[in-house]
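Q: test case, fold it:
(4 chains)
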Amino acid sequence: MKKFTRKLAGSCLFAGALVLAAGSMAPAHAASELLLGYLSASTGPFVSLSRSNSIAVDMAVEEINAKGGINGKKLRVIRFDTSGKPAQAVLGLRKLANDDKVLAIIGPFSSGEAGQVFPAAERLGVVTMPMASSAPKLAAPFAYAFRNTMNEGILFSSLLKTIKQKGLAAKTGTVAYATDDRISKIMGTRVLPGLMKKFGIDVTGEVTFKLRAFDFSAQVSKMNQNPSDLVAVGAPPEAAINLVKEMRRQGHKGRIIAGSTINDPDLPEKMGAAGNGTMIPSAYYAGLDERTKAFDRNFRARAKKAGLERIRSSQFDAQSYSIVLFFANALKTANISGDPARLAEERTAIRDALKAMKDYPALEGAITFNAEGDALKPVYILEMKDGGWTLIDTHQPPKS
Amino acid sequence: MSAVPALKIDNIGKHFGGVKVIDQLSFSVPLGARTALIGPNGAGKTTVFNLVSGVYPLDYGSIALNGADVTHVSQGERIKFGLARSFQNIRLIAHLTALENILLGQQIRAGGLRGLLYPLNVFRRNKWRDEARAALCDVGLEAYGDDMVGDLPYGVQKRIDLVRAELARPKLLLLDEPAAGLNPTETEELQAHLEGLTERGITLVVVEHDMQFINVLCEHVVVLNFGSKIAEGTPEEVRNHGAVREAYLGREEDEEAFSHAS
Amino acid sequence: MKSEPMLLAQQFVNGLMLGSIYALVAVAFTLTIGVLNFLNFSIPGIFMLGGMFTWIFLKSGLPLGLVVLLALVIGAAASLLVERSSYRQMMGSDHFIPLVSSMGFLILYENLVLIFWGSDIQVVNSPFRDVSVTVFGLIISIPQLAGLALAVTMAYVLTRILYGTSTGRGLRAIAENPDSAIMLGVHVFRIVPVVFLFSGLFTALAGVIFALNYTQVHPFMGEEVALKGISAMVIGGMGSVWGAIVGGLLIGVAEILSISSFGSDFVDIAVYGLLLVILVIRPEGLFGGSALGRERL
Amino acid sequence: MTSYQTGLLVILSINIVIAYGAYLPIAAGQMNLGIAGFMALGAYASAYVANNAGLPPIVTIFIGAGFAGLLALIVAVPILRTRGIYLALATFALGQIVAAAILNVELVGAAEGYSVLDHFGLATIAPITIATIAVVAYLNRTRFGLNLTAISQDELLANLFGVRTRRLQIAAFTLGAFFAGLGGALHAHYYNYIRPQDFNILLSIYIILFVLLGGTRSVLGPIVGAAIFTFLPEIFRDLDKKFSAFFDQVPDWLGQASAWRFAIFAALIIVFMMLRPQGIMTRGATRAAARWVAWCVRRLGFARSSGARP
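A: You can find the predicted model right below:
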């Protein structure tokens, strides 16, 4: 017993020493490198999405370094795994910003993490740029917060514009949304019903569910009381899959529309025939041009090699890739040296360079950041047909 | 002997399921005396203790302590009427030290919020701790004060159990088989100790199987069988009582069967 | 458009179907609590394993019967592992200690699945997808109906085992009083694994039915269902097999009706409010009288 | 100290405060599975008062904690009628209801989350944690602590000796909720953004695990438990890089260990509980640890040993 305790205390001590030793290791900061941080969620509930983002980030860094780097220096990314937990994301931010002295930070992944990371990053004066957070106005109060995601309002009104222009059946609409999730609730209570009314669509019903819901029978039975042409979904893709299957089971024929929250390259496969006709606005379309096709090819090869379940490139992958390019561009235009002594001033210079950036030719199209720190970019309207997404319309961003 | 008995049990009854464990039982314990409660296994002796200390509610009847009716007083309040008890299966708090177990006995006197929040173990001197340690010294256990009771030998635990009950400063002390499992020397020490308690004015009620022990210690004996009183008197009187002899000698082989029900 | 009573009837049917999943999980919980007084927190993990392996084996092209069998075997094995390394090691210690390591198993199972198959929601290629019949205007899903029937059948089989076999008598003796059961010669170490075996089978079966019905699985699928299953068990009366079944159906109906009338905001407040009120007012549950064993705490 | 270490210490400090919220009722033999709910109450109350009344956060965190404690006191009377697993489930239901209710309160942002304006760092949080430890350590050395142990072990016996078991259980429950609320308030002011979804049942369970793994019989138990839960997953982070600081050859699989870290962590919890079902810090272990520290002090000399306390 005493022996055990002693051993235990000894191993605790050793373990503690290991943590602290690793924490206090001086970052290998070579003078010939420019450092970026990356808050990834490579364990925990977002692992599949985040792992593929990581591939896109690597691709961007390798391409930049292959062309000789930036300002004569190589770009290097230091990763920190947040497990998708806000507390861990803040810890990682502090480590990357203060200990590793990175110039700017890619990520964190989700809105939940971003909500806590943004205020902390603002205090530290370092730019962070999530690739998947789309909760409206999350970045607006912060000068150092940018997001390579678009306002859902712009996305959804582009979609409705297309529906009207093409003369698709759109007299009545129902809103279906998750109530216990920030982005879903905003979509369901404000964005979707507001814009549908604006476009002359009669909103005849509303059903709600929980984010993790799997049984939609109650909602669909209710919807069937008064079937509508369109069913606007404010939820992540999983809920949309369940909803559409239950709709078809109970014989509801309505077309699913949504913002970018249900955007997923594998969605057509997962919805199957039930999903045909579903329309979404997207910031990225893999089949757009030679450049996106090449990106997608390259991405698939790497994803397969890494043994991922999902190998098609998603909008989050494209957005992660672009974030690295934005940072590289800002590093170049602001002529960043990476000198630790000038860290604070160079971080602010990166922020200003990003703010000044106009129509940067990214994978997704020409990109500019608006006053809220969110990206303005083209909107691609996609329709689900026979197990795949087809591009049916493109809207250029409003000139700011 | 005072006119008011230390404990007056008046026609009480208790059943568990369909079994009448105590049936129309009445007896009194005179103040300042040492009374023994005896009877074959399963006679209901421990149940009487449990009813007196309020662990079970009565089906009918009444119980008075020093003239005060406590029939409807909850188990946690009865100690205020000067009642303390020990247990047949020693009930010490295994995760506390011997000293801390004894401190629990003082609870009723330490009382109030101030007593609750007064530090026991911060200052070098503390009257409660000193008193408990002194009480341990009295029974020769000072060496065990800081040991966890779970690790201590049976005889030591038995004494700690007794000391704890004493520190509640009761007027009436119920002891459930205090001599069980003790060796002859320890039994003699216990007898002397219990006699000392009476000298301090504590009335004792003892459940015990060892007739030798009772003959020496007690002046008053109540005999139970099947939950009813079958005899009462001095040890001498009881020993020669016909019903008692039958209960003990005639039912020897049934003892095993009752042993689990007690 | 259906009339109001028809809609209500449809929602009632929907609720019963949803409730059959909760009922199976509730039976799994009630077994370990009723007999062993052990709140087994690894059950959500075993449920998830049942569902995930249904997807994995179906994807690899095995026939459905074999898939179900393998998923059940894996669920049972996972449950026995919990018995071996958590419950058995800690008999006689503080009653909430085994809970800790059963929770450890939940974290372990979820993370192992995460490592190997990722966090994405996976679509199960279920042969039963979209099979529904319309009876008197009510849409009823065939696989869900089969799930309900299976839940009731399994509960019946279980009660027969409990009241008709020596193993069952041993179980009930342990539930009544473990110490005297040992004295009476019940082989606790032979009986306890049986409890875990049944509990694991029920849970895995619920996972399999879930995967085939809702055609989707993911590593965290067990948590929400298990929480509802616990509520169902309490409402039915801890330790009562039929209580768990009725409790599960009740929770399913309550959930569906509150979604339909008040929206999903209200669901948790309704379900957990009901649970809280029952615990305080009538802790033995609605059917506590017919309990498998008396609650010992 | 690097920011990473400071950040870890903040997480540890908050975890310790919350762990005491679970420890107090457990010490009295009750398991509160609604700890996260009380955390949420403290977090939201403190944030709301700080945002709207203009009080300094050092005051509002105690208002938040008091609010959580007050609510606990009100619900304790009916809820503590239940015991054992029933109590655990009743508190579980309570926690779920609190989170679900906050999801519907638009005043504090409902599902959108709530921004908290005032920020705290380690310099404020650490002293509050130390004060919390001191309060609990003090209580453990009073008759209050003694009585809680007695109640958890043998409620009947304690009651027979005049211990007001019910009042003490209510007190332990309420005080526990107070600390949980305090921890929640610290969380709110450190992260500056709170969501009802963050205070879920899994968090409650983790907090219970802190205490049960650390040990329920010693003030050190929650600290050790919280430390293990905070540091252990960190040890497996970037294991290959840590390894390379000590050795030249780094095996390939170590790079993969990061992905495995929660699985390894879970397996270690199971093994820990097998080896020490009473938790790590039993009273015997606490004494042994004290002796061990003393031994270290003697062996290493005082100056070098100050950092060696486990």
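
Q: per-residue confidence for residue C:267?
A: Per-residue pLDDT puts residue C:267 at 82.

Q: by contact count, what packs against the helix or strand hosting it?
A: Using DSSP states H and E, residue C:267 sits within helix C:267-281. If contacts are counted by 3 or more C-beta pairs under 8 Å, 6 or more residues apart in numbering or on different chains; DSSP states H and E, helix C:267-281 sits against helix C:221-236, helix C:241-262, helix D:57-79, helix D:84-102. Heads up, the C-betas are built off the backbone N, CA and C, glycines and all.

Q: mind giving me the packing neighbours of the longest one?
A: In terms of contacts (3+ C-beta pairs under 8 Å, 6+ apart), helix D:57-79 is packed against helix C:267-281, helix D:35-53, helix D:84-102, helix D:165-191.

Q: let's have those helices in TSV, adding distance to residue C:43 and mean neighbour count.
A: Below are the helices and strands packed on helix D:57-79 laid out as TSV (distance: least, C-beta to C-beta, whole Å; neighbours: other C-beta atoms under 10 Å in any protein chain shown):
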stretch	distance to residue C:43	mean neighbour count
helix C:267-281	17	21
helix D:35-53	20	27
helix D:84-102	14	24
helix D:165-191	26	26
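
Q: and those as a markdown table, adding distance to residue C:235?
A: Listed next are those as a markdown table, based on distance: least, C-beta to C-beta, whole Å:
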| stretch | distance to residue C:235 |
| --- | --- |
| helix C:267-281 | 6 |
| helix D:35-53 | 20 |
| helix D:84-102 | 11 |
| helix D:165-191 | 24 |
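
Q: out of those, the one nearest residue B:131 is which?
A: helix D:165-191 (22.4 Å; C-beta to C-beta).

Q: so what does that closest one touch, helix or strand wise?
A: Going by 3+ C-beta pairs under 8 Å, 6+ apart, helix D:165-191 lies up against helix A:86-94, helix A:111-124, helix D:3-27, helix D:35-53, helix D:57-79, helix D:122-140, helix D:143-153, helix D:155-160.

Q: ok, and what's touching stretch C:252-262?
A: A:208-209, A:215, A:217-219, A:221-222, C:7, C:11-12, C:14-23, C:228, C:266-267, C:270-271, C:274 (C-beta atoms under 8 Å, 6 or more residues apart in numbering or on different chains).

Q: mind doing that once more with 6 Å?
A: Stretch C:252-262 has contacts (C-beta atoms under 6 Å, 6 or more residues apart in numbering or on different chains) with A:218, A:222, C:11, C:14, C:15, C:18, C:19, C:22, C:266, C:267, C:270, C:271.

Q: out of those, which end up buried?
A: The neighbour-count test (16 or more other C-beta atoms under 10 Å in any protein chain shown) applied to the contacts of stretch C:252-262 identifies A:218, A:222, C:11, C:14, C:15, C:18, C:19, C:22, C:266, C:267, C:270, C:271 as buried.

Q: now, the most widely separated pair of those?
A: A:222 and C:22 (20.9 Å).

Q: next, count neighbours for the residue lying closest to residue A:78 once chain neighbours are set aside.
A: Leaving aside its sequence neighbours, residue A:78 sits nearest to residue A:100 (C-beta to C-beta, 6 or more residues apart in numbering or on different chains; 5.0 Å). As a burial measure, residue A:100 scores 21 neighbours (other C-beta atoms under 10 Å in any protein chain shown).

Q: can you give me the helices in the stretch 51-200 of chain B?
A: Taking DSSP state H, counting those that start in this stretch to define them, one finds helices in the stretch 51-200 of chain B at B:98-105, B:107-110, B:112-117, B:127-138, B:154-166, B:184-199.

Q: enumerate the residues of chain D near chain B.
A: With C-beta under 6 Å from any C-beta of the partner chain as the criterion, chain D meets chain B at residues D:141-144, D:146, D:149-150, D:153-154, D:157, D:159-163, D:217.

Q: farthest pair within these?
A: Top of the distance list for those (C-beta to C-beta): D:141 and D:160, 23.9 Å.

Q: these two: who's more crowded?
A: residue D:160 (24 against 16).

Q: just to revisit the earlier point, closest to residue C:84 out of the buried ones among the contacts of stretch C:252-262?
A: Once C-beta to C-beta is applied, the member of the buried ones among the contacts of stretch C:252-262 that ends up nearest residue C:84 is residue C:22, at 27.8 Å.

Q: quickly check: the helix or strand harbouring that closest one near chain D or not.
A: If you go by DSSP H and E, residue C:22 is part of helix C:4-36. No - against chain D, helix C:4-36 shows no contacts by C-beta under 6 Å from any C-beta, the least distance being 6.6 Å.

Q: roughly how far is the next helix or strand after that helix from the heart of the chain?
A: Past helix C:4-36, further along toward the C-terminus, the next helix or strand under DSSP H and E is helix C:43-59. The chain centroid and the centroid of helix C:43-59 are separated by 14 Å, computed with C-alpha atoms, centre = their mean, to the nearest Å.

Q: what is helix C:43-59 packed up against?
A: With contacts taken as 3 or more C-beta pairs under 6 Å, 6 or more residues apart in numbering or on different chains; DSSP states H and E, helix C:43-59 sits against helix C:64-82, helix C:97-117, helix C:188-214, strand C:216-217, helix C:221-236.

Q: ok so, going back, next one: the residue nearest to residue A:78 from residue B:214, what distance?
A: Distance, residue A:100 to residue B:214, by C-beta to C-beta, to the nearest Å: 82 Å.

Q: for residue B:51, same thing?
A: Distance from residue B:51 to residue B:214, by C-beta to C-beta: 22 Å.

Q: got the angle for the helix holding residue C:267 vs helix C:241-262?
A: 140 degrees (axes from the mean of the first three to the mean of the last three C-alpha atoms, to 10 degrees).

Q: and helix C:267-281, C-alpha only, in CSV?
A: C-alpha atoms of helix C:267-281 as CSV (Å, rounded to 0.1, in the frame of the first residue of the first chain):
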residue,chain,number,x,y,z
VAL,C,267,-39.2,18.3,-24.9
ASP,C,268,-36.5,18.0,-22.4
ILE,C,269,-38.3,20.1,-19.8
ALA,C,270,-41.4,17.8,-20.3
VAL,C,271,-39.5,14.5,-20.2
TYR,C,272,-37.1,15.3,-17.4
GLY,C,273,-39.7,17.2,-15.5
LEU,C,274,-41.9,14.1,-15.5
LEU,C,275,-38.9,12.1,-14.3
LEU,C,276,-38.2,14.5,-11.5
VAL,C,277,-41.8,14.6,-10.3
ILE,C,278,-42.0,10.8,-10.3
LEU,C,279,-38.8,10.4,-8.4
VAL,C,280,-39.9,12.8,-5.7
ILE,C,281,-43.6,11.9,-5.5
